[in-house]
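S.K.: Let's see this in three dimensions:
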Amino acid sequence: KDEWLSVASHELKTPLPPLQVLLQLMLRKVNRKEPVNVDHLRRSLAQVSKLTGLINDLLDVSRLEVGHLELYLEMVNLVPLVESVVENFRGTTD
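M.R.: The predicted model follows:
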């Protein structure tokens with residue numbers, strides 16, 4: 001359980017640095033009365049969604065441990081997930 005909490009904590013922290021950078025860039029532009037890049041807004045919202053998903057996962061684990069959550073197997077399309085990962089790394093690597 002301690003290892004799981006360590007991994008969960010790390011995963012919760014992961015989206016924060018890019019979100020902070022994007023928000024700082026947008027604030028700087030707003031202070032200069034420059035237009036804000038809509039892509040930065042989209043990326044920020046995506047990071048917030050990622051954090052929300054991680055928090056919901058933690059809550060689900062908690063519910064599962066006390067028997068208040070039922071799991072159902074279903075098919076999942078991995079293409080959107082892979083596309084999201086590729087998009088997150090676009091521009092940072094060849």
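S.K.: Point out where the chain drops to low pLDDT.
M.R.: The model of the chain has pLDDT under 70 over residues 1-2, 91-94.
S.K.: Show me where it has its helices.
M.R.: Using DSSP state H, the helices of the chain run over 2-13, 16-31, 38-65, 79-89.
S.K.: Same list (those helices) but as CSV, adding distance to residue 72.
M.R.: Bear in mind the C-beta positions are built from the backbone N, C-alpha and C, glycine included. CSV is the format used below for the helices of the chain (distance: least, Cβ to Cβ, whole Å):
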stretch, distance to residue 72
helix 2-13, 22
helix 16-31, 31
helix 38-65, 12
helix 79-89, 19
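S.K.: Of all the ones you listed, which one comes closest to residue 73?
M.R.: helix 38-65 (14.6 Å; Cβ to Cβ).
S.K.: picking up where we left off before, how about TSV for the helices of the chain, with mean neighbour count and distance to residue 73 added?
M.R.: Below are the helices of the chain laid out as TSV (neighbours: other Cβ atoms under 10 Å; distance: least, Cβ to Cβ, whole Å):
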stretch	mean neighbour count	distance to residue 73
helix 2-13	11	22
helix 16-31	13	32
helix 38-65	13	15
helix 79-89	10	17
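S.K.: gap between the residue nearest the centre of the chain and residue 29?
M.R.: Geometric centre of the chain, nearest residue: residue 50, 2.2 Å, by Cα atoms, centre = their mean. Residue 50 is 23 Å from residue 29, where distance means Cβ to Cβ, to the nearest Å.
S.K.: What residues does the residue nearest to residue 29 when sequence neighbours are not counted make contact with?
M.R.: Closest residue to residue 29 apart from its sequence neighbours, by Cβ to Cβ, 6 or more residues apart in numbering: residue 36 at 5.2 Å. Counting by Cβ atoms under 8 Å, 6 or more residues apart in numbering, residue 36 makes contact with 26, 29-30.
S.K.: what does residue 47 give?
M.R.: 15-16, 18-19, 22.
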